[in-house]
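Trainee: Fold the following.
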Amino acid sequence: MCDSESKSLTYSVVIPVFNEEDNLEVLYERLTKVMVSLNEPYEIIVVDDGSRDNSFQILQGLHKNDSKVKVIRFTRNFGQHMAITAGLDNSKGENVIIMDADLQDPPEEIPKLIVKQKEGYDIVYGYRRIRQDNLFKRITSKVYLWLLAKLTRQTVNPDITPLRIISRRVVDYMSQLRERSRFYGGLVSWLGFPFATVDIKHSERYRGKTKYNLRKMLALATEGIISFSDLPLRLITYFGLTVSVVSFIIGIVILIRQLIWDFQVAGYTSTIVSLFFLGGILLLVLGVIGQYIGRIHIEVKKRPLYVIRDNLE
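Mentor: Alright, predicted model coming up:
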């Protein structure tokens, strides 16, 4: 990837977009002003992740007026992390800046990341000390990332923003990671390159509503945990072993009491409750195993990660 074409650009900015028609023109104006001030060659790659509003039409106009704006349009909604993957796959810059389109992470903070990266880091994350998200999103984000860190044994800071800059060699290695269950932040962390954080301003969403509802957040959490950890399977094994040992001990105690003291085992209710409890545990176990098997089924089909409908270069 580090051919003469890629070396001609210093920066690529990758922006996944899904129904962001209200933000795109303002984002373009502010981002372009920042990139021009750097006095380095750059490109802006916007990936339309199957938007159903006028996002693509607006992006067409921006591309027509500015050749630095490249637009990739998916055939349907493949998800934010697939959109980021497509942007990285098509980027040519020596460094790639990744950001959202909602302007919560202001483009004006990008120079801070660049200054820090020049100290010798391959990855620099934006860090928000004061978050402007609503209480529900702050709580669910912290709980999810805490759980992900515990299960995957990776350091995941809930106050890290989507705004970040990564070097070309990180992008090259990312291009080799083609699993379908993608949590790109976890993949970048898994590579293990030196990283740093920089305090940046965090703003409220400029316009529109967040596209991450509870269902999507739960789906992302499941993808992240299953993609980076087999701990749920090991916990099931430990739990099953514990239940078996406890059941064996209880069975021995009951047998001894019946043989020695002629103790009659009674309790229809306790038996039924135990059966329902164990039945529920078995279904839970099968569900967790099914999640992993489902991921294997998806992987072995080897379908493309995304399908491009239009590519405006």
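
Trainee: Would you map out the domains in this protein?
Mentor: 9-228+304-312, 231-300 (automatic domain parsing).

Trainee: I'd assumed Ser8 was in contact with Tyr42.
Mentor: No. In this structure Tyr42 lies outside contact range of Ser8 using Cβ atoms under 8 Å: 10.7 Å. C-beta coordinates here come from the backbone N, C-alpha and C atoms, glycine included.

Trainee: quick one, which of these two is more surrounded?
Mentor: Neighbour totals were compared for Tyr42 and Ser8, and Tyr42 leads with 19 against 12 (other Cβ atoms under 10 Å).

Trainee: Please give me every residue in contact with the residue nearest to that one when sequence neighbours are not counted.
Mentor: Nearest residue to Tyr42 in three dimensions, chain neighbours excluded: Tyr11, at 4.2 Å (Cβ to Cβ, 6 or more residues apart in numbering). Listed by Cβ atoms under 8 Å, 6 or more residues apart in numbering, the contact partners of Tyr11 are 35, 38, 40-43, 93-97.

Trainee: Narrow those to those in strands?
Mentor: Cross-referencing the contacts of Tyr11 against strands under DSSP state E gives 42-43, 95-97.

Trainee: what's around the nearest residue to Ile308 once chain neighbours are set aside, how many residues?
Mentor: Distances taken as Cβ to Cβ, 6+ apart put Ile72 closest to Ile308, at 5.8 Å, once the chain neighbours are dropped. Ile72: 25 surrounding residues under other Cβ under 10 Å.

Trainee: Wait, Ile72 touches Asn90, no?
Mentor: Yes. Taking contacts as Cβ under 8 Å, Ile72 lies within contact range of Asn90: 6.3 Å.

Trainee: any common contacting residues for the two?
Mentor: Taking Cβ under 8 Å, 6+ apart as the criterion, Ile72 and Asn90 both touch 45, 311.

Trainee: Quick check: the residue nearest to Ile308 vs Gly87, distance?
Mentor: 7 Å (Cβ to Cβ, to the nearest Å).

Trainee: go on, Val13?
Mentor: 9 Å.

Trainee: quick one: common contacting residues for those two?
Mentor: If you check Val13 and Gly87 against Cβ under 8 Å, 6+ apart, the residues they both contact are 45, 96, 98.

Trainee: how about the strands in the stretch 51-200 of the chain?
Mentor: For the stretch 51-200 of the chain, the strands defined by DSSP state E, counting those that start in this stretch occupy 69-74, 95-98, 123-127, 160-167, 195-199.

Trainee: for this protein, which helix is longest?
Mentor: In the chain, assigned by DSSP state H, the helix with the most residues is helix 268-300.

Trainee: Which secondary structure elements does the helix or strand following it sit against?
Mentor: Under the assignment DSSP states H and E, the closest C-terminal helix or strand after helix 268-300 is strand 308-312. Using 3 or more Cβ pairs under 8 Å, 6 or more residues apart in numbering; DSSP states H and E as the contact criterion, the elements in contact with strand 308-312 are helix 55-65, strand 69-74.

Trainee: from the ones you listed, which stretch is densest packed?
Mentor: Highest mean neighbour count of the helices and strands packed on strand 308-312: strand 69-74, a mean of 23 (counted as mean count of other Cβ atoms under 10 Å).

Trainee: so what does that strand touch, helix or strand wise?
Mentor: Using 3+ Cβ pairs under 8 Å, 6+ apart: strand 69-74 touches strand 42-48, helix 55-65, helix 80-90, strand 308-312.

Trainee: Relative to Lys118, which of these is closest?
Mentor: Proximity to Lys118, assessed across the helices and strands packed on strand 69-74 by Cβ to Cβ, is greatest for strand 42-48 (15.9 Å).

Trainee: Could you spell out the sheet neighbours of that closest one, each with its direction?
Mentor: Under the criterion DSSP bridges, strand 42-48 sits next to strand 11-17 (parallel), strand 69-74 (parallel) in its sheet.
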